[in-house]
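Engineer: 3D model of this:
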Amino acid sequence: MDYQIVERNNRTILECMPEGGLIHSEQDILDLIGECGMSEKTGLLLFAGNLPPDFFDLKTGLAGKLLLKLSTYRVPAAAVIPSNLIGHGRFYEMVLENNRRNDFRFFETREEAIKWFDGLA
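Structural biologist: Next up, the predicted model:
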């Protein structure tokens, strides 16, 4: 997975490149969490291009596994996903639910996601 490190307001964000590789499995998620380290001031920024079609189909369980691992290891994360990929079904409902929390959020732009990271304690 290709990524860059972004330093912002005492926070280190591991920003995956939009076309820098796909998350296919729990191990891919764990590898990214390992790259983030265990610092409370670390975050993970993903893009739609990092997520395979299975992520958007909740029946596969990939989205749930990713969110559970990030929550377990307390890595705040954001995903930049255009609204046309979110749709109006179950995935849309999951997006709405997650956007009420402060551990994983969905955004339409990178700038919105970075601003959210800036506001985390």
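Engineer: got the contact list for stretch 15-23?
Structural biologist: Stretch 15-23 is contacted by residues 1-6, 28-29, 32, 44-52, 55, 62, 66, 80 when judged by Cβ atoms under 8 Å, 6 or more residues apart in numbering. Where C-beta positions appear, they are placed from N, C-alpha and C, glycine not excepted.
Engineer: now the residues you listed: which count as buried?
Structural biologist: 3, 28-29, 32, 44-48, 50-51, 55, 62, 66, 80 (16 or more other Cβ atoms under 10 Å).
Engineer: quick revisit: in helices, which of the contacts of stretch 15-23 fall?
Structural biologist: Judged by DSSP state H, the contacts of stretch 15-23 include 28-29, 32, 55, 62, 66 as members of helices.
Engineer: okay, those in TSV with distance to Gly89 and pLDDT next?
Structural biologist: Converted to TSV, the ones in helices among the contacts of stretch 15-23 look like this (distance: Cβ to Cβ, whole Å; pLDDT from 0 to 100):
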residue	distance to Gly89	pLDDT
Asp28	25	94
Ile29	23	93
Leu32	26	93
Phe55	14	95
Leu62	16	94
Leu66	18	95
